[in-house]
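Novice: coords below, sequence missing:
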């Protein structure tokens, strides 16, 4: 997973800065959960 894969989440946050956001989560073909630099995370598809 690359930081660029979270660009949609980051764009949403920039477009709607007044909304309260929770962490962004990406379901992907990965083996284990990992954290993104912005506080979001990547989880395996079967856990999403």
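Specialist: Received the coordinates, thanks. All figures in this text were calculated on a predicted structure; none of them were measured in a lab. Residues are numbered from 1 along each chain as shown.

Novice: my guess is residue 40 meets residue 26, correct?
Specialist: Yes - at 7.1 Å, residue 40 counts as touching residue 26 under the criterion of CB atoms under 8 Å. Where you see a C-beta, it was placed from the backbone N, CA and C, and this is true even at glycine.

Novice: and for those two, which residues touch both?
Specialist: Counting by CB atoms under 8 Å, 6 or more residues apart in numbering, the common neighbours of residue 40 and residue 26 are 6, 9.

Novice: how much space between the residue lying farthest from the centre of the chain and residue 4?
Specialist: Distance from the centre of the chain peaks at residue 18, with 18.7 Å (CA atoms, centre = their mean). Distance, residue 18 to residue 4, using CB to CB, to the nearest Å: 25 Å.

Novice: before we move on, what about residue 26?
Specialist: 12 Å.

Novice: Would you mind telling me which of the two has the busier surroundings?
Specialist: residue 26 (17 against 7; other CB atoms under 10 Å).

Novice: Wasn't the more buried one part of a strand?
Specialist: Yes - applying DSSP: H, G, I helix; E, B strand; the rest coil, one finds residue 26 inside a strand.

Novice: In contact with it, which residues?
Specialist: 1, 5, 6, 9, 36, 40, 41, 42, 43.

Novice: Now flag whichever of these is closest to residue 22.
Specialist: Nearest to residue 22, judged by CB to CB, of the contacts of residue 26 is residue 40 at 9.0 Å.

Novice: For the closest residue to that closest one other than its chain neighbours, grab the count of nearby residues.
Specialist: Nearest residue to residue 40, sequence neighbours excluded (CB to CB, 6 or more residues apart in numbering): residue 24, at 3.6 Å. Residue 24: 17 surrounding residues under other CB under 10 Å.
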